[in-house]
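**Q** Sequence plus the predicted model coming up.
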Amino acid sequence: MATLSLFSREVSSSSNSAILVSGSHPQSLCDTLASQFCTAEAARSGADALARVESKRFDLVLLDPKLPDLDAEEVRRMMKLQQPDLPVFLLDFATGRLLQSEPVSDPLQQALQALHPAAEESAGETALVMAEPEPLPQSDPLVEPLPDMVGRSLSMGQVYRLSRMVARRDASVLLEGESGTGKELVAKAIHQLSSRAKLPMVTVNCAAIPESLLESELFGYVRGAFTGAVQSKLGRIHAAHGGTLFLDEIGELPLSMQAKLLRFLQEGEVQRLGSPDVFRVDVRVITATNADLKERIKRAEFRQDLYYRLSVFPIHIPTLHERNDDVISLATHFLAQFCRQAKMPQKTLHPSVRAMLLQYAWPGNVRELQHAIERAFILADEEAMVRPEHFLLQ
């Protein structure tokens, strides 16, 4: 159990307790708390706080009502769904006031006074703004699978929840996960669930375009800008105006282009090659990578400032091994899909195939499973059942 427990209900006086703080400027508040009460841990966004609560067991969380990426009440509700006994308080960082009516412990009152000495108790009552908390739902509507996605494992439930939450906002999303896990499907689903759904989603694979052509592809060019530019062309960024720009394999973006992309993210403007004109462009940016960007930052291969711009809302897409409960439902889905496309009667999986699929590690993730099912479907030919001999698993 992690020592994140400044206000644990059962903490001994000798324990080194701690707290998770999430808001726009959490570090200064953490430093104040750490100097007097605990080991405080800062989360720079609602998504960061959710990820920490998922990976560790906290005893108390303080959330700024004005998180930079998500609605604080939604974050609080998700934390309560994960850990019903976890005390989660909305704290106005500017005034030191709590914005809910959950019971307040003596240590918390002491901490509030330490953070904001002016907010003293009056007439024996704490200076709290009491607001009736929303009742927690019996079931989480945010856990429904995303459009065109299959699987109801716990790890995918987290992906569905986070994706549906962020879809309603324009925060930059970074999808992290191995190749073949379905990052592009998640990106498409976020776009489809957003207010930009009726406008274009433009996809750019940063690893598939030569470095010499990447700038002209992203930003566009005018006639005569370089040899072969016989007519003007809008860049992919401009083409996504009003909609979503999905940059796949962002970890492969050359350093020279990282600086140009960062400038666009900061200014919201694009300038075509060979033109002095600057255009304002409104796009929502989603990126994806199978690389460890933090490790690349250490090796000076990826800009840290660009990483923070892109990862306002990171979402980890689990491997198929991590969501093993979804293997059979995915295999059945792909088999039915191939039968429909070929206009053939529905085939079924032999029971021994089901056991074989569950035991296999799937290093190529969902994409490998899809290809394996397609090959087995072809080899089964007119048979009504797909059998083990139709598979070739390494």
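**A** Great, that's in hand.
**Q** quick one: buried residues of stretch 358-371?
**A** 360, 362, 364, 365, 366, 368, 369, 370 (16 or more other Cβ atoms under 10 Å). In short, each C-beta sits where N, CA and C put it, glycine included.
**Q** Need the residues you listed in JSON lines (columns: secondary structure and distance to residue 382).
**A** Below are these laid out as JSON lines (DSSP: H, G, I helix; E, B strand; the rest coil; distance: Cβ to Cβ, whole Å):
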{"residue": "360", "secondary structure": "coil", "distance to residue 382": "26"}
{"residue": "362", "secondary structure": "coil", "distance to residue 382": "28"}
{"residue": "364", "secondary structure": "coil", "distance to residue 382": "28"}
{"residue": "365", "secondary structure": "helix", "distance to residue 382": "30"}
{"residue": "366", "secondary structure": "helix", "distance to residue 382": "27"}
{"residue": "368", "secondary structure": "helix", "distance to residue 382": "26"}
{"residue": "369", "secondary structure": "helix", "distance to residue 382": "23"}
{"residue": "370", "secondary structure": "helix", "distance to residue 382": "22"}
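**Q** Looking at these, which is nearest residue 300?
**A** Of all the buried residues of stretch 358-371, residue 365 has the smallest distance to residue 300: 29.7 Å, by Cβ to Cβ.
**Q** how near is the closest residue in space to residue 231 that isn't next to it in sequence to residue 365?
**A** Take residue 231 and drop its neighbours on the chain: the residue closest to it by Cβ to Cβ, 6 or more residues apart in numbering is residue 223, 5.4 Å away. Remark: distance between residue 223 and residue 365 (Cβ to Cβ, to the nearest Å) = 44 Å.
**Q** rewinding a little: secondary structure class for the residue nearest to residue 231?
**A** Applying DSSP: H, G, I helix; E, B strand; the rest coil to residue 223 yields a three-state assignment of coil.
**Q** And for residue 231?
**A** Classification of residue 231 by three-state DSSP places it in coil.
**Q** Now do it, the pLDDT please.
**A** Looking at residue 231, its pLDDT reads 83.
**Q** Check the residue nearest to residue 231 and give its pLDDT.
**A** 83.
**Q** repeat for residue 386
**A** For residue 386, the predicted pLDDT is 96.
**Q** same thing with residue 81?
**A** 74.
**Q** What separation do you get for it and residue 56?
**A** Taken as Cβ to Cβ, the span from residue 81 to residue 56 is 16 Å.
**Q** what's around residue 172, how many residues?
**A** 18 (other Cβ atoms under 10 Å).
**Q** And it, how far from residue 322?
**A** 25 Å.
**Q** likewise residue 22?
**A** 25 Å.
**Q** between these two, who's got more neighbours?
**A** Neighbours per residue (other Cβ under 10 Å) separate residue 22 from residue 322, with residue 22 holding more: 29 against 18.
**Q** Quick check: that one touching residue 46?
**A** Yes: using Cβ atoms under 8 Å, residue 22 makes contact with residue 46 at a distance of 6.4 Å.
**Q** any common contacting residues for these two?
**A** 63, 67, 75 (Cβ atoms under 8 Å, 6 or more residues apart in numbering).
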